[in-house]
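> Got a sequence here, can you build the structure:
(2 chains)
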Amino acid sequence: MEHNLKIYNSLSRQKETFEPLHEGHVGMYVCGPTVYSDVHLGNCRTFVSFDVIYRYLMYLGYKVRYVRNITDVGHLEGDTDSDAEDKISKKARLEQLEPMELVQRHTRSFHHILGILNTLSPSIEPTATGHIVEQIQMVQEILDNGYAYIKNGSVYFNTPKFIQDHGVYGKLSGKRVDDLLSETRDDLKNQDEKNDPSDFAIWIKADERHLMRWPSPWSVGFPGWHLECSAMSTKYLGKQFDIHGGGMDLQFPHHENEIAQNYGACGCMPVRYWMHGNMLLLNGRKMSKTPDPETGKSNSITPVELFSGENEIFSKAYSPMVVRFFMLQSHYRSTLDLTDDALLAAEKGFRRLMEANKVLQGMAYTGKGQEGPLGEELKKLIAQLFEEMNDDFNTPKALAVLFDLVTKANSLKDGRLPIDEVSAETFNLLKKTFREFLYDIFGLKDEMEAGAEGNGITEGLMQLIIDIRQQARANKDWGTSDKIRDALKELDIVLKDSKEGTSWVKG
RNA sequence: GGUCGGGUGGCCGAGUGGCUAGGCAGAGGUCUGCAAAACCUCGUACGGCGGUUCGAAUCCGCUCCCGACCUCCA
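Predicted coordinates:
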């Protein structure tokens, strides 16, 4: 495969040339949501980031198996003391729902939102509850290998032994083993059953109140915090696979423990490239549905609130594609601060980009076939698009190049740049690449077109109105001409006059 | 308290030693009946203090501020 894709590997803390385990194939696992409430926009950012990564890998020609789980067994809340309760059970109890009813509802809404954001479905989307057997098997394997112990029906991972034998624990998150073993934070109470504070549960015996429970060789209970991802990634991608992604906040303990479990079960490092997306901030703080203990408010906004404008944070509604474009304007490993000004700017930038694409796609080649300096420059910019993406999926830089091409396209259309200096081949490559970057790689779509789709009447009426205005203008009847323009503007329709005629755009 | 990351022009956001990032906003101009759109030009930004270097936003030290993680979180 002809490319030079480099990926920043959290494990090595540097960019590495991407070489898949099996030529031409990529196995990618991304930690999905816990479906005990609606996703917030921060969750969406991670999935959009990995959607672009998924799309680009496919664009490069890889056959990608993309696995993203649905966590429908809640993670424990608080410490694993006697009051421990599963988040999903708790929410279900509060809402008077059967747990699976709650799970189903939020799973559907999750899919709906990601659909609106135009993310592609993963190849496999396994649920934790659907893989209890596999998880029990993995617990058994870890026990068999001597990296876990049983206490009162629960099973705990023996972290000190794992560290002693393999020394990889803490490598991913950059934690020092000593720090982990001598935890200083006050609110982290040691849990009686554990032999060591750094041990963690992989199977938990359920108490009477617990709604979600399954029989196992050790107790009627439920799987531990991090086990599902280990079990399901192994099942669908193998003991070793190429890419594992997730949010930065999962690095520790979730991913660290995943490695421990996989290694403990199989004896090898499971993942070649660990990728972590950074957090979406709201008002300079991490977006999170967990309420602030002091204020009782959570710093988050749901996609629906943002798209509908029904919120107290932003001045207006922002469309899903504007939000997606906004996300692409920063690198996935950087934090991104959501603000009204930034969204406003993104909205205008997004429209400019899409309009330019329309202009470009509507152009036919009228040159003489010769390649000149301009053609060479265009080819260079096109190549640069791929160089930026190959550099750890640098979407903001690729977008900057795309905007350079926006100017070129608009200038070519207006005749400010000579089409005669561009060969037909280059011109068509420009059209094709531009289109494919927008739609196939960045996953953007033209919302204005989508709105008017299937409505030939609108198009016909608009043409009629434009013709009438043109007539008025020809007669220097500026009153009529301006009245038409102003009235349309009231309806959010903007007319754009140019030498070739008048076009219109909604919004 | 421990660990890690970051502070870039009005806003967002790239950029790891010399070469215009980009978007939005702003100023001027071209075009236009007027506008809009489009195109052209413009801002001499890199938290502070030192140091290394011919040269630093980029490396080193100190310092201030912010954020994340430390067993719920994408």
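
> For the stretch 401-507 of chain A, give me the ranges with low pLDDT.
The model of the stretch 401-507 of chain A has pLDDT under 70 over residues A:448-455, A:507.

> Tell me the residues of it that contact RNA strand B?
Taking C-beta under 7 Å from any atom of the strand as the contact definition, the stretch 401-507 of chain A meets RNA strand B at A:403-404, A:406-407, A:410-411, A:413-414, A:416, A:473, A:478, A:481-482, A:485, A:494-498. Heads up, the C-betas are built off the backbone N, CA and C, glycines and all.

> Can you list which of those are found in strands?
Among these, the members found in strands (DSSP state E) are A:494, A:495, A:496, A:497, A:498.

> circling back to that earlier point, for PyMOL, write a command that selects the buried ones of the residues of the stretch 401-507 of chain A next to RNA strand B.
The following PyMOL line selects those of those that are buried, judged by 16 or more other C-beta atoms under 10 Å:
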select buried, chain A and resi 406+410+413+473+481+485+495
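
> Confirm residue A:156 sits in a strand?
Yes: assessed by DSSP: H, G, I helix; E, B strand; the rest coil, residue A:156 belongs to a strand.

> who's whichever residue of the stretch 101-250 of chain A sits closest to RNA strand B bridged to?
Here the residue of the stretch 101-250 of chain A nearest RNA strand B is residue A:247; by C-beta to the nearest atom of the strand that distance is 2.1 Å. Beta bridges link residue A:247 to residue A:277, judged by DSSP bridges.

> okay but it is in contact with residue A:280, surely?
No: Residue A:247 is not in contact with residue A:280 according to C-beta atoms under 8 Å; the separation is 9.3 Å.

> Of those two, which one has the most company?
Using other C-beta atoms under 10 Å, the more surrounded residue of residue A:247 and residue A:280 is residue A:280, with 26 against 22.

> secondary structure element for residue A:3?
Residue A:3 belongs to no helix or strand when assigned by DSSP states H and E.

> Now do the contacts for it.
A:60, A:386, A:390 (C-beta atoms under 8 Å, 6 or more residues apart in numbering).

> Helices - which of the residues you listed land there?
Of the positions in the contacts of residue A:3, A:386, A:390 sit in helices, assigned by DSSP state H.

> ok so, going back, okay, the ones in strands among the residues of the stretch 401-507 of chain A next to RNA strand B in TSV with distance to residue A:439 next?
Shown next, in TSV, are these (distance: C-beta to C-beta, whole Å):
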residue	distance to residue A:439
A:494	23
A:495	26
A:496	23
A:497	28
A:498	25
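
> Tell me the one among those residues nearest to RNA strand B.
residue A:497 (3.2 Å).

> beta partners for the closest one?
With DSSP bridges as the rule, residue A:497 is bridged to residue A:502.

> what does the stretch 201-350 of chain A put close to RNA strand B?
A:225, A:246-254, A:257, A:277, A:279-281, A:284-290, A:329-331, A:334-337, A:339, A:341-342, A:344-346, A:348-349.

> Double-check residue A:89 against residue A:74; I have them as touching.
Yes: Residue A:89 is within contact range of residue A:74, at 6.4 Å (criterion: C-beta under 8 Å).

> Could I get the CA-only coordinates of stretch A:144-164 as CSV?
The C-alpha coordinates for stretch A:144-164 follow below in CSV (Å, rounded to 0.1, in the frame of the first residue of the first chain):
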residue,chain,number,x,y,z
ASP,A,144,-5.7,-20.1,35.4
ASN,A,145,-2.7,-18.0,34.6
GLY,A,146,-2.4,-17.0,38.2
TYR,A,147,-3.2,-13.3,37.8
ALA,A,148,-6.4,-13.2,39.7
TYR,A,149,-7.8,-14.5,43.0
ILE,A,150,-11.3,-15.2,44.4
LYS,A,151,-12.7,-13.5,47.4
ASN,A,152,-16.3,-14.1,48.6
GLY,A,153,-17.5,-14.8,45.1
SER,A,154,-15.8,-11.9,43.5
VAL,A,155,-12.7,-12.2,41.4
TYR,A,156,-9.9,-9.6,41.6
PHE,A,157,-7.0,-9.0,39.3
ASN,A,158,-3.7,-9.4,41.0
THR,A,159,-1.9,-6.2,39.9
PRO,A,160,1.3,-6.6,41.9
LYS,A,161,1.9,-10.0,40.6
PHE,A,162,1.3,-8.8,37.1
ILE,A,163,3.7,-5.9,37.5
GLN,A,164,6.3,-8.3,39.0
